[in-house]
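In: Build me a model from this:
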Amino acid sequence: MTAGGYLKRLTRRLTEDLEQLDAETISEQSQQTGAQRACDCSAGDEVTMQGELRSVQTCAKTMKSGVTAEFFDGTDVVTLKFIGRNRIPGIEPGRTVIVRGRIGEHDGRKVMFNPYYELLGES
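Out: All right, here's what the predicted structure looks like:
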């Protein structure tokens, strides 16, 4: 490692948008595992992706309409919908997960219904 390379990386980290750096880090981690990138997936594809849950919404127990989570792999967002569940232990914002399932489309956005998921690391 050269001093010039170190200074370039340090300067970049200090001046670049934190959200962009976060996206790059998540994307690099996902690619290292061999997971597919969300930006390359389209409706009907059976995929395995690794990324982070950005937000999780639950409905009231009486509604039983499910849990909705925003999954981000550094390249694109996929909405995960768990139908018939009002809470899923471990599914929380900031958690890294691997999801497997078929990509669909709803209102022009990528969605995956009742995906198989594997929790990685702690939030």
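In: Helices of this structure, start to end?
Out: Taking DSSP state H as the criterion, the chain contains helices spanning 3-15, 18-32.
In: pLDDT on stretch 59-76, on average?
Out: In this model, stretch 59-76 carries a mean pLDDT of 80.
In: now swap in stretch 94-109 and tell me
Out: 92.
In: Name the nearest residue to T79, ignoring sequence neighbours.
Out: Using CB to CB, 6 or more residues apart in numbering and skipping the chain neighbours, the partner closest in space to T79 is V111 (4.5 Å). Where you see a C-beta, it was placed from the backbone N, CA and C, and this is true even at glycine.
In: do I98 as well
Out: Using CB to CB, 6+ apart, the nearest residue to I98 is E118, at 4.4 Å.
In: Tell me the pLDDT of that neighbour.
Out: Note on E118: pLDDT of 93.
In: Given the lengthiest strand in the chain, what are its sheet partners and their directions?
Out: The longest strand of the chain (DSSP state E) is strand 46-58. In the sheet, strand 46-58 lines up against strand 67-72 (antiparallel), strand 96-102 (antiparallel) (DSSP bridges).
In: mind listing what I98 touches?
Out: I98 is in contact with T33, A35, T48, M49, Q50, Y117, E118, L120, counting by CB atoms under 8 Å, 6 or more residues apart in numbering.
In: Now for L120: which residues touch it?
Out: Q50, R95, T96, V97, I98.
In: Look up the closest residue to T58, ignoring the ones flanking it.
Out: T58's closest residue in space is V67 (CB to CB, 6+ apart), at 5.2 Å.
In: what about the one you found, how many neighbours?
Out: Residues within reach of V67, counting by other CB atoms under 10 Å, total 18.
In: Could you verify my assumption that Y116 touches G101?
Out: Yes: counting by CB atoms under 8 Å, Y116 touches G101, with 6.2 Å between them.
In: Look at those two and report which has more neighbours.
Out: The neighbour comparison of Y116 against G101 (other CB under 10 Å) goes to G101, with 19 against 10.
In: The more buried one and D76, how far apart?
Out: Distance, G101 to D76, using CB to CB, to the nearest Å: 15 Å.
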